[in-house]
Every structure is written in structure tokens, then in C-alpha cells.
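Asks: Pasting a predicted model and its sequence here:
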Amino acid sequence: YLAKVGKPREQLTFAPDAPQRLYTIDQIGTIYSFENRPDVTQAELLLDIQGRVSEWSLDPSANEQGLLGLAMHPKFTENGWFFVCYTRRDDGTSIVARYQVRKDNPLEADPESEVVLLEVEQPFKNHNGGSIEFGPDGMLYIAFGDGGYRNDPLDSAQDRSILRGSILRIDVSGQENGKHYRIPADNPFVNL
């Protein structure tokens, strides 16, 4: 499919409590897993959300959209949770969502298990960021680009009330104020 869609941006990661499997994303909206060995030849499709992800491959100016980030929960073997960041097909909004593997098959995720944590409007098709990672503190870190054409024309990164141009840190272990995450109490900007 590479000839059809061009070269997708990829990421390779693993679940901290299960390093025997690796996970890779394709910008088009797919996630595959495979055994962590040098002679591996077989990959399993974990999740396909191409229908939800921006069709960046059809628009050369949208090369910074699509499925942009994947993070496996530190207790993945217990809860089956993993998190993604992608730009939504309909409007290019950045979505941070949680998915869960099927209880009867941990090599496959249920596409209908999506729980949206964050939605961040993107005014342009580049500088969307999208890298996500769990830190040693167990919090999910999310890096959003400034969302700006070039030189951050909307000054998003200069405005603390805008999530674009920021690195966010959220606690995904619980809910707060109707959201599927909590803001850590030690966040210095919690009251801004």
C-alpha cells in the first residue's frame, strides 16, 4: 500500500509491562503488533481507524495530519488500554483517545472501544504535533504543535489558554469534571 499512499510517518513502541511485543503505527490510521525478535516475519493488525483519520495522503499540504502518536498504558497487560493521537477526518481536529484490546484476543483492539479524552481544533493542516508518551510518573504527556501555517501566525504557543503549542500532562487513571482524565494536582497552570 505504500505506493498508493506515499510514505507514512511511523512510530515504534512497546508496552512497558510487556516488552515482548512491539507496536507500530502508520499515518494512514493503522496499528500493527509483532513479536520483539530480529527474525520476526508476521505482524498482526491491532487497530484500523482509517475511516476516522484525516486523509492526509490525498492532500500534499496535510502531511502533518493522520495517526500521529501511540502510547501503551504502563499497566497494559492488566487493563488493555492504549492511547492514540490523530487528526479527525471530518474537520482536522486533533483527537486524543483511549482504546482497549478485546478480552478474548489481546492482539486485536475493538474500534468501538474509543473513548475521546481531548479534542483540539486545528486551524491549519500542519504543525499539528501529536506525539504522546507515558512518563516515569505514570502521566500521559501530549505534544501539540502550534497548529500554525508557519511562524505560528495565531500566536497559539504564546497563549496559555490555548492547548496548541503546548506539552500537556494528564492523569488517565480516573475521571474529573465529566472528562476521562484528571489534571494532576501539582500542575502549576491548573488555575489559569
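Replies: It's in.
Asks: could you list every residue that touches the closest residue in space to Q42 that isn't next to it in sequence?
Replies: Spatial nearest neighbour of Q42, chain neighbours left out: F34 (6.5 Å); criterion: Cβ to Cβ, 6 or more residues apart in numbering. The way it works is simple: take the backbone N, C-alpha and C, and place the C-beta from them, glycine included. Listed by Cβ atoms under 8 Å, 6 or more residues apart in numbering, the contact partners of F34 are R21, L22, T24, V40, Q42, A43, E44.
Asks: give me that answer again for 10 Å
Replies: By Cβ atoms under 10 Å, 6 or more residues apart in numbering, the contact list for F34 reads R21, L22, Y23, T24, V40, T41, Q42, A43, E44, L46, L107.
Asks: Quickly find the element holding the fourth one.
Replies: When elements are defined using DSSP states H and E, T24 is found to belong to strand 18-26.
Asks: mind listing what that strand pairs with, with the direction of each?
Replies: strand 10-15 (antiparallel), strand 30-35 (antiparallel) (DSSP bridges).
Asks: which residues of the chain fall in strands?
Replies: Using DSSP state E, the strands of the chain run over 10-15, 18-26, 30-35, 44-48, 67-72, 81-87, 94-102, 105-109, 115-120, 131-134, 140-143, 167-170.
Asks: Next, the buried residues of the last one.
Replies: This means strand 167-170. By neighbour count with 16 or more other Cβ atoms under 10 Å, strand 167-170 contains the buried residues L168, I170.
Asks: List the contacts of that strand.
Replies: Residues from elsewhere that reach strand 167-170 (Cβ under 10 Å, 6+ apart): 83, 96, 117-118, 120, 129, 131-132, 135, 137, 139-144, 176, 179-184, 186-187, 189.
Asks: Quick one, which of the residues you listed are buried?
Replies: Burial by neighbour count, 16+ other Cβ under 10 Å: within the contacts of strand 167-170 this picks out 83, 96, 117-118, 120, 129, 131-132, 139-140, 142-144, 180-183.
Asks: Can you tell me which helix or strand of this structure has the lowest average pLDDT?
Replies: helix 2-5 (a mean of 38; mean pLDDT, DSSP states H and E).
Asks: Quick one: end-to-end distance for stretch 34-53.
Replies: Terminal residues of stretch 34-53 lie 23 Å apart, using Cα to Cα, to the nearest Å.
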